[in-house]
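1. Quick one, structure for this:
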Amino acid sequence: MIATDACQPITSIPYPLASKADLDETERLIAATGAGVVTHIADVRDQDTMDAAVTAGIDRFGRLDIICANAGVLSMAPSWQITETQWADLIDINLGGVWRTTKAAVPAMLQAGNGGSVILISSTAHHRGVPNISHYVAAKHGVVGLMKSLATST
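-> Numbers count the residues shown, from 1 in each chain. The predicted structure is shown next:
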């Protein structure tokens, strides 16, 4: 398993995010089950760090069989009061991060030729509008569209 997190605060997100200690604890808990794990500090807004995380995992395990892209943060405000920074950060993490995860991992899976599964985590918010989180809803709609496009790619 490859587990990543940016392990840093984001100024537009109004709650504490995971730390390096949290990522280390994730590693410990996974290892305690007997499963192999590679943890990597990687910001889903940065393709180079996502590529490095996938490379580290393939170097350790030899292949990649499942991709689970689950990037998500939340800030709240009426749509017309969301700042440019809040909008950009949330869209770049919640939608762009899922895309960057697939961009880093799908080529390795295809090259190996062993098949596999790609799981993109969205939200029930993609089904309808939700007050005060229009940027979140837009991102989650985008994740579903990305998934549909990936599923039909050749």
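2. In terms of helices and strands, where is Q86?
-> helix 84-91 (DSSP states H and E).
3. what's that helix packed up against?
-> Helices and strands touching helix 84-91, as assessed by 3 or more C-beta pairs under 8 Å, 6 or more residues apart in numbering; DSSP states H and E, comprise helix 134-151. Backbone N, C-alpha and C define where each C-beta goes, glycine included.
4. Run through the neighbouring helices and strands of the helix it packs on.
-> With contacts defined as 3+ C-beta pairs under 8 Å, 6+ apart, helix 134-151 has these neighbours: helix 84-91, helix 97-112, strand 117-120.
5. most tightly surrounded among the ones you listed?
-> Of all the helices and strands packed on helix 134-151, helix 97-112 carries the top mean neighbour count, a mean of 19, counting by mean count of other C-beta atoms under 10 Å.
6. low-scoring stretches of the protein, by residue?
-> Residues of the chain that meet the criterion pLDDT under 70 lie in 154.
7. Report the central residue of it.
-> A71 (3.1 Å; C-alpha atoms, centre = their mean).
8. Give me the distance between it and G115.
-> Distance from A71 to G115, counting by C-beta to C-beta, to the nearest Å: 24 Å.
9. N94 now?
-> The span separating N94 from G115 equals 28 Å under the rule C-beta to C-beta.
10. Could you check which of these two is surrounded by more residues?
-> Each of N94 and G115 had its neighbours counted (other C-beta atoms under 10 Å), and the higher figure belongs to N94 (25 against 8).
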